[in-house]
Each structure stands twice: as C-alpha cells, then as structure tokens.
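J.: quick one, what's the 3D model for this:
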Amino acid sequence: MNITEFAAYAGVSKAAVSRYFNGGYLSVEKRERIAAAVEATGYHPSIQAQMLRTRRARQVLVILPKLSSESCARMVEGISDVLDQNGYHLLLVNTANDSAKEIAALHLLQQNTVDGVILMATIFTPEHRAILASLRLPVVILGQQYPGGCSVSHDDRGAARAATAHMLAKGRRSPGFLGVTMMDRAAGLDRRRGFEDALREAGIPLRPGRACVAAFNMESGYEQARTLLSREPGLDCLFCATDTIAIGALQYCRSQGIRVPDDLMLAAVGDSLAGRVAYVPLTSVQLHYRTAGRLAAGMLLDHLAHPHAAPDSRVLDFVLRPRASTGDSGEDECFCTD
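T.: Below you'll find the predicted structure:
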C-alpha cells in the first residue's frame, strides 16, 4: 500500500498522512482517523521514502556497553522518553564492554540510515577519536566528558569523594579502594581521584597496597575483596567504584564473618536496586541516569535542528544515600529510579 492508497483509505489528504508520520500538527479528529487506519492496515512509510522527502531517517542509534546494566537501562529509558515525544525511533547496539564492537558500530554509521548517535563508551582509544571526528552527523557522548564534542556526564569525582568522606567522618582511618581500570575515565580515573581527594582532606596518607582493580561484575568484586582484605586485614572501610563490585565485596565479607558495618564499612556509586535490597543495604551515591538520558537525547535533537551550533557539555550533580553499610538507618530512603 502506498501513501495515496492509504490516504484514500483513511479519508484524509496525503499531506495529513505526511504530517502524522513526521510529527507535524494535525487536528485530534484527523490524528485519530489516521491512527485507526494504521491499526487496521499496518501501513507505515518506508524509511527510504521518508528520507527522500525530509532528508531525515528519524532514527537515532544508541551504542551502550552493557544491556543488563541498571544504569544503562535507566539512561536508555530517558533517551526513549524524548525520542518518542519527538517522533524518532531508537536503535540499540550492545557492545558488551568491547571497544572493538564499539568501533565496528561506529564504522557502520557511514553506511546506515540514522540521523545521529548517542554513545555510552567507557574507554576512548585513538581509533574511537578518529572515527568520531570523521562522522558527518551529530554525536553525543553519554557518561563521560568529551573535549571538543557534545557530552552529558556525572560528577564522578565528587560522588566518590562524598561516599569516602562519609565513612571517614564516622571515625574510620584505614580506607581501602576497589576500583576499575583507569582507562575508563569516569568510573576508573575520576572515582579514584575522588577517593584520594577525601583522604587528603582528612589527612590520611595514600597507600597503594590498599587498592585493587576489579571488573564490572559481582564475581570480580568478591575475588578482589578477598585479595585486598587478605593482604590488608586492618582495613576498616572500603570504597567501591560501582554498586555491583560492592555487592560482591559484601558477599565476601558475609562468607568470612566480617561484620558490615561494625568491622568494615562499605560505600559505592550507582544507587542500584540490588544495593538497596542487599542483606546489608548499601550506602551509595545516586547519579541521575534517566535525566542524563533525557538531556543527551534533547542535546542531539537540538544539534540536528542547529547543525552549526557550538558543542554543548553538561555535568550532573549527585545525591549521597546513606544506609546500613555505613551504620546509617536509611529512614529518609528515596526509592528514586531517576
């Protein structure tokens, strides 16, 4: 069925059909009539036909590192909210934290019909930068700052500092650190710097032996907690770069009879549902993931409308959520999904 046949079936003009599918103004009566015809016929204009008329595919590609990640899911929900409201389709590519897959997805953009890209990358290699510079469509980096480009990120350094300082303010003086690769600027480098900031402000010396690097999963959190606490049994508090790592560390403590928070306090960044309902609820820093997704999508659409505008950058704040893992009651708990 072509647009002429569909318009006749719906009892409206071809112009009204075009406005309907491109997000233009229509009366409520015409919009309902076209929607009913779509339901009855399954009609939808081809992407190629739309591109010929509007030079837009009305599709946005989102490249994310981990489909099962709660933080990624929240950001995608925020992106989807804005794209849906503006008549754009969302396409997802899951790279499973594999830089090579990210690069392959970026290469495909030179052949496929999308209007822009939102990239949740964790590590930027020279090849990433070269491809991003060569793309002739707008790109927004979500989760990290990207000099010279559009980005929406979080104050990861401030978040780690706040979580660590909270434990030190309770009298703990032997802190440990479970981080991730420093090649990941946000979760790795910035959160390590925030941890170190809190120690310096409290007058506590940095001791390299009190730190380990974990992967982004509970199993690694468990194993690296075992390595660190076996080597440094005198630790009385532990900052973890992510909730997932902290939950693994919490499970190791439970297996060894290490009492949390009496023997060891734990704090992290992410404010995940799993952390909130852990057997000892986890003190964590809430980052505004859904809001970040909305802002990234809005930024991308703004740059589609104004392609010569200067790159924009936004850094979002955070909220510390104290819970039982640092000896707090959590009575003012906010089960926010932002």
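J.: run through the strands of the stretch 151-300 of the chain in chain order.
T.: Per DSSP state E, counting those that start in this stretch, the stretch 151-300 of the chain carries strands over the ranges 175-179, 211-213, 237-240, 265-269, 283-287.
J.: how far is the third one from where the chain is centred?
T.: In this view, strand 237-240 has its centroid 22 Å away from the chain centroid, taken as C-alpha atoms, centre = their mean, to the nearest Å.
J.: contacting residues around it?
T.: The contact list for strand 237-240 (C-beta atoms under 8 Å, 6 or more residues apart in numbering) reads 160, 163-164, 167-168, 172, 174-179, 195, 214, 221, 225, 228, 246, 249, 264-269, 326. Bear in mind the C-beta positions are built from the backbone N, C-alpha and C, glycine included.
J.: turn the strands of the stretch 151-300 of the chain into CSV, including mean pLDDT.
T.: Rendered in CSV, the data for the strands of the stretch 151-300 of the chain read as follows (pLDDT from 0 to 100):
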stretch, mean pLDDT
strand 175-179, 98
strand 211-213, 97
strand 237-240, 98
strand 265-269, 98
strand 283-287, 97
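J.: any chance of JSON lines for those strands, columns mean neighbour count and distance to Gly203?
T.: Compiled in JSON lines, the strands of the stretch 151-300 of the chain are given as follows (neighbours: other C-beta atoms under 10 Å; distance: least, C-beta to C-beta, whole Å):
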{"stretch": "strand 175-179", "mean neighbour count": "25", "distance to Gly203": "12"}
{"stretch": "strand 211-213", "mean neighbour count": "19", "distance to Gly203": "19"}
{"stretch": "strand 237-240", "mean neighbour count": "29", "distance to Gly203": "15"}
{"stretch": "strand 265-269", "mean neighbour count": "29", "distance to Gly203": "18"}
{"stretch": "strand 283-287", "mean neighbour count": "25", "distance to Gly203": "22"}
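J.: so which of those is nearest Ala100?
T.: strand 211-213 (21.0 Å; C-beta to C-beta).
J.: including distance to Ser69, could the strands of the stretch 151-300 of the chain go into CSV?
T.: What follows is these, written out as CSV (distance: least, C-beta to C-beta, whole Å):
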stretch, distance to Ser69
strand 175-179, 17
strand 211-213, 19
strand 237-240, 16
strand 265-269, 13
strand 283-287, 12
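J.: out of these, which is closest to Leu91?
T.: strand 283-287 (24.7 Å).
J.: just give me the neighbour total for the nearest residue to Leu92 once chain neighbours are set aside.
T.: Nearest non-adjacent residue to Leu92, counting by C-beta to C-beta, 6 or more residues apart in numbering: Val62, 5.4 Å away. Burial of Val62 is recorded as 27 neighbouring residues (other C-beta atoms under 10 Å).
J.: bridging residues for Val62?
T.: Residues in a beta bridge with Val62, per DSSP bridges, are Leu92, Ile118.
J.: which parts of the stretch 51-200 of the chain are helices?
T.: 70-85, 99-108, 126-134, 156-168, 191-202 (DSSP state H, counting those that start in this stretch).
J.: re earlier: quick one: the residue nearest to Leu92 and Gly116 touch, right?
T.: No - contact criterion C-beta atoms under 8 Å: Val62 and Gly116 do not qualify, at 9.9 Å.
J.: okay, now the domains of the protein?
T.: For the chain, automatic domain parsing gives the domain ranges 3-45, 59-154+289-318, 156-286+320-326.
J.: just put those domains in a markdown table and tack on distance to Asp338.
T.: Formatted as a markdown table, those follow (distance: least, C-beta to C-beta, whole Å):
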| stretch | distance to Asp338 |
| --- | --- |
| domain 3-45 | 26 |
| domain 59-154+289-318 | 5 |
| domain 156-286+320-326 | 7 |
